[in-house]
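A.B. asks: have a look at this fold, sequence not included:
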């Protein structure tokens, strides 16, 4: 019988595989971006401005927040700080991925996929690394990030151009499209979930719920991140004790 340990390693994931693996993200992004484009136009932004926000900010739910704040007359600095507080979690995505990546990284390639490191792209990358980190590659990562970004921009353009069109008569449709973004992220989270991560997930959810009930959505995000990080720092010892009584 052939020894499985003597089999040659599988080749690294290719750019083409990244296109295929990005399809779940693309399918989820297009309707949500469409809803953002429509919402931006309804709030007084031009279609070009809405598309520009998706090209440059590319922050999902935060784009809904910043357009709402700006249309309400809020200062650009207040709106920017609010969005920064909501998206500060992205600072942790790079180090979290680096912990799982074997070998070095090319600076130019890393800069390309780092721009597109959204919640869903990060979740897809983590799931890939957990499944088999030997197959992860920067070409695959660039493909996933690029396809996701393009789908978001094109979805925004379609929604912005239809901003005052026939879909105005279906407000329930817009609400359903907006819900797809958190639902998509939750599906990736569950796909990558492992039992030893239960403490981190519980702490993050507890912190987020406390922040939401006591303060605001930005503070809920920060509290969730803080709770998850603290649990990750103190958790390894407890997890080891549970696995080796």
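C.D. replies: Thanks, I have it. None of the values given here were measured: they were computed from a predicted structure.
A.B. asks: neighbours of residue 88, just the number please.
C.D. replies: By other CB atoms under 10 Å, the residues close to residue 88 number 13. In short, each C-beta sits where N, CA and C put it, glycine included.
A.B. asks: going forward, the N-terminal residue is numbered 659.
C.D. replies: Taking 659 as the first residue, the last one we looked at is residue 746.
A.B. asks: and it, how far from residue 763?
C.D. replies: Residue 746 sits at a distance of 23 Å from residue 763 (criterion: CB to CB, to the nearest Å).
A.B. asks: what do you get for residue 809?
C.D. replies: 25 Å.
A.B. asks: when those two are compared, which one has more neighbours?
C.D. replies: residue 809 (20 against 15).
A.B. asks: that one contacts residue 688, correct?
C.D. replies: Yes. Between residue 809 and residue 688 there is a contact at 5.3 Å, judged by CB atoms under 8 Å.
A.B. asks: any residues in contact with both of these two?
C.D. replies: Common neighbours of residue 809 and residue 688, counting by CB atoms under 8 Å, 6 or more residues apart in numbering, are absent.
A.B. asks: where does this protein have low pLDDT?
C.D. replies: Applying pLDDT under 70 to the chain flags residues 659-668, 791, 821-855, 874-877, 879-880, 883, 890, 893-903.
A.B. asks: can you pull out the helices in it?
C.D. replies: If DSSP state H is used as the criterion, the helices of the chain fall at 673-679, 681-700, 705-714, 719-729, 734-745, 748-758, 765-773, 777-790, 796-819, 829-850, 856-872, 875-901.
A.B. asks: contacts made by the shortest one with the rest, please.
C.D. replies: For helix 673-679, the external contacting residues (CB under 8 Å, 6+ apart) are 671, 782, 786, 797, 798, 799, 800, 801, 802, 805.
A.B. asks: buried ones in it?
C.D. replies: Using 16 or more other CB atoms under 10 Å as the test for burial, helix 673-679 gives 673, 675, 676, 679.
A.B. asks: quick one: contacts for the closest residue to residue 705 other than its chain neighbours?
C.D. replies: Distance criterion CB to CB, 6 or more residues apart in numbering; nearest residue to residue 705, sequence neighbours excluded, is residue 818 at 3.7 Å. Going by CB under 8 Å, 6+ apart, residue 818 touches 695, 696, 698, 699, 705, 706, 708, 709.
A.B. asks: my read: residue 734 touches residue 725, true?
C.D. replies: No. Residue 734 is beyond contact range of residue 725, at 12.0 Å (criterion: CB under 8 Å).
A.B. asks: which one of these two has more residues nearby?
C.D. replies: Applying other CB under 10 Å to residue 734 and residue 725 shows that residue 725 carries more neighbours, namely 23 against 10.
A.B. asks: any idea how far residue 891 is from the more buried one?
C.D. replies: On the measure of CB to CB, residue 725 and residue 891 end up 36 Å apart.
A.B. asks: over to residue 734?
C.D. replies: From residue 734 across to residue 891, the span is 36 Å (CB to CB).
A.B. asks: for residue 690, same thing?
C.D. replies: 33 Å.
A.B. asks: for those two, indicate the residue with more neighbours.
C.D. replies: For residue 690 and residue 891, the more surrounded residue by other CB under 10 Å is residue 690, and the numbers stand at 26 against 10.
A.B. asks: who's in contact with the residue nearest to residue 726 when sequence neighbours are not counted?
C.D. replies: Leaving aside its chain neighbours, residue 726 sits nearest to residue 701 (6.7 Å; criterion: CB to CB, 6+ apart). The contact partners of residue 701, by CB under 8 Å, 6+ apart, come to 725, 726, 728, 729.
A.B. asks: and if you look at residue 794?
C.D. replies: For residue 794, the contact set (CB under 8 Å, 6+ apart) comprises 670, 671, 758, 759, 783, 786, 787.
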